[in-house]
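> Fold the following.
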Amino acid sequence: MKLLIVDDDELVCRSLQLLLGKEKDLEVVNIAANGQEALELCQNEQPDLILMDIQMPIMNGIQSTKRIKQLYPSVQIMMLTTFQDEKNIRLALNAGAEGYLLKSASIENMAQQIRALQAGSTVLHADVLKTIIEPDKEVLEGLTDRETDIVDLVAQGLSNKEIAEQLYLSVGTVRNMLSVILDKLEIRDRTQLAIYYWQRTHK
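Reported below is the predicted structural model:
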């Protein structure tokens with residue numbers, strides 16, 4: 001099985017390359033320092049599976065995952081990160097990742113999970129699964145989960161078009177949902193909505 005390792009920490013890349021390379025059925029064909037490099041290497045290396053970090057310069061792991069799955073749908077992607085917050089987990093899975101492992105996993109476990117993913121299983125670290133089942137993010141009072149996601153992205157400064165792409169909705173749906181949210185919360189505009197969100201989620 002051909003692996004591509006993507007992480008902006010070269011030490012992490014080299015360590016994984018060395019340790020996973022010792023597994024007889026795993027071959028690390030290359031390493032990349034960001035999502036853009038991973039995208040470019042996909043065509044040349046044709047990996048079976050990518051171990052993808054999330055936070056990286058130029059193009060992050062979630063953006064890269066979404067693009068790679070569009071261009072090379074047969075390539076499987078396992079997020080390998082220190083982040084286990086619900087938002088990153090859901091964004092990664094929505095982007096097309098088939099697995100989500102934490103860097104705290106042992107090499108033995110990592111190799112087993114890579115094989116399980118290749119065999120067709122969706123792989124989620126136990127702590128990640130717990131985060132999804134028992135999310136730590138509070139839904140804003142009076143709003144649904146999806147409405148809260150939209151407010152979160154508005155607060156990050158995303159446009160309706162960008163929110164639509166992130167959540168796989170139409171721009172019209174986002175616009176309508178935003179109107180509903182503003183009515184529910186009795187808030188005038190996006191700026192006030194962003195302030196409302198930050199005041200309640202960053203106490």
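> Show me what the helix or strand harbouring Ala111 is in contact with.
Per DSSP states H and E: Ala111 is located in helix 107-118. Helix 107-118 has contacts (Cβ atoms under 8 Å, 6 or more residues apart in numbering) with 1, 3, 16, 19-20, 23, 25-26, 48-49, 51, 76, 78, 80, 98-99, 101, 105, 123. No exception for glycine: its C-beta is placed from N, CA and C like everyone else's.
> ok, now stretch 1-13?
Stretch 1-13 is contacted from outside by 16-17, 20, 25-35, 37-38, 41-42, 45-53, 55-57, 61, 64, 80, 103, 114-115, 118, using Cβ under 8 Å, 6+ apart.
> Identify each buried residue in the helix holding Ala111, please.
For helix 107-118, burial by neighbour count (16 or more other Cβ atoms under 10 Å) applies to 110-111, 113-115, 117-118.
> Can you name the next helix or strand after it?
Next along the chain after helix 107-118, taking DSSP H and E as the criterion, comes strand 123-124.
> rewinding a little: buried among the contacts of helix 107-118? Need that as a selection in ChimeraX.
In ChimeraX syntax, the buried subset of the contacts of helix 107-118 is picked out as below (16+ other Cβ under 10 Å):
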select :1,3,16,19,20,23,26,48,49,51,76,78,80,98,99,101,105,123
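> Sort out for me which of the contacts of helix 107-118 are in helices.
When the contacts of helix 107-118 are checked against helices (DSSP state H), the matches are 16, 19-20.
> In CSV: these, plus distance to Arg146.
Output for these, formatted as CSV (distance: Cβ to Cβ, whole Å):
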residue, distance to Arg146
Leu16, 36
Leu19, 40
Leu20, 38
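> Return the alpha-carbon coordinates of the helix or strand where Lys161 lies using PDB.
Using DSSP H and E, Lys161 sits within helix 160-167. Output of helix 160-167 as PDB, limited to C-alpha atoms (Å, rounded to 0.1, in the frame of the first residue of the first chain):
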ATOM      1  CA  ASN A 160     -22.600  33.300   1.900                       C
ATOM      2  CA  LYS A 161     -20.900  31.600  -1.000                       C
ATOM      3  CA  GLU A 162     -18.000  30.400   1.100                       C
ATOM      4  CA  ILE A 163     -20.400  29.200   3.800                       C
ATOM      5  CA  ALA A 164     -22.400  27.300   1.200                       C
ATOM      6  CA  GLU A 165     -19.300  25.600  -0.100                       C
ATOM      7  CA  GLN A 166     -18.100  24.700   3.400                       C
ATOM      8  CA  LEU A 167     -21.500  23.200   4.500                       C
END
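> Quick one: list the elements packing against that helix.
Judged by 3 or more Cβ pairs under 8 Å, 6 or more residues apart in numbering; DSSP states H and E, helix 160-167 is in contact with helix 145-155, helix 171-185.
> can you tell me which of these comes nearest to Ile195?
helix 145-155 (8.5 Å; Cβ to Cβ).
> So Tyr72 sits against Cys42, correct?
Yes - applying Cβ atoms under 8 Å, one finds Tyr72 in contact with Cys42, separated by 5.2 Å.
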